[in-house]
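> no FASTA, just this:
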């Protein structure tokens, strides 16, 4: 049996649910949040989840749609990208602003996230431009520019309450990722390490680069250590560097994503905030661990 979850922004009507029911052949199974999120049940053995998702998205452009097997819906592992996913900015672009290089660096970031450039080469190129920047700019940037994406705090707090292991894996930097992970309550964090001299950035990276391959490898490693199948994992990101882990996860999500990732993902969050993921997991709003978002 399959479930179809509909999340409306700002609302979901009875008419919306009826239309999705007609398209899918499913029956109404209940509201996860009044006038915002609902479930349909499809009593079938197999369905082309991707094609059905696209059809319902076209009919309900204000809704985010998740189609999945009911038996696999309760995921045990959550793996997330950081920049433009769990936080609302690209840290390297904001850090470059302190060196008056934001436009130049942001252009490279955008191309890399679209998959038009080799990620590692593009990252090293951008980091090299920051050589000589005072290390105090990192703290200033984090304090002044980094903000959680709407829904991020409630999402992670609720996942932890539901005993889902949470992993933050970033092609960005530990100087940002570790504080973000600590503040949100992630269980695991992995990111790149900026080279630092006595008081300035060296323009290099320390250690191996966290790229698309590393992100997928971490997802697989965490699932293996937990003793759960990869189908029990959910992964979310926004750019080409997230593509491999999103494809590997049991449920791969694209959050306000670049076209390459949006096309490859099982589902897309186009309208709502990150709490849409909780509805996708079948967690009704009454069970959420609310926070400041």
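Received the coordinates, thanks. The model shown is predicted, which means the values in this text are computed figures rather than measured ones. Residues are numbered from 1 along each chain as shown.

> point out where the stretch 151-293 of the chain drops to low pLDDT.
291-293 (pLDDT under 70).

> ranges for the strands of the stretch 51-200 of the chain?
Listed in chain order, the strands found in the stretch 51-200 of the chain under DSSP state E, counting those that start in this stretch are 63-69, 77-80, 165-173, 188-196.

> for the residue lying farthest from the centre of the chain, give me its contacts.
Centroid-distance maximum for the chain: residue 198 at 34.5 Å, with Cα atoms, centre = their mean. By Cβ atoms under 8 Å, 6 or more residues apart in numbering, residue 198 lies in contact with nothing. From N, CA and C alone the C-beta is placed, and that goes for glycine too.

> next one: phi and psi at the closest residue to residue 147 other than its chain neighbours?
Among residues not flanking residue 147 along the chain, residue 88 sits closest, at 5.0 Å (Cβ to Cβ, 6 or more residues apart in numbering). The phi and psi values for residue 88, taken as degrees, to the nearest 10, are phi -90, psi 0.

> for residue 88, what are its contacts?
147, 148, 149.

> relative to residue 171, how far out is it?
Distance, residue 88 to residue 171, using Cβ to Cβ, to the nearest Å: 16 Å.

> got it, and residue 3?
Computed as Cβ to Cβ, the residue 3 to residue 171 distance reads 32 Å.

> ok, the two, which is more surrounded?
Under the neighbour definition other Cβ atoms under 10 Å, residue 3 and residue 171 were set side by side, and residue 171 has more, 29 against 20.

> so that one is in contact with residue 211, correct?
Yes - between residue 171 and residue 211 there is a contact under Cβ atoms under 8 Å: 6.4 Å.

> intersection of neighbour lists for these two?
119, 123, 241.

> now intersect those with the helices, please.
Using DSSP state H, 119, 123 are the members of those that sit in helices.
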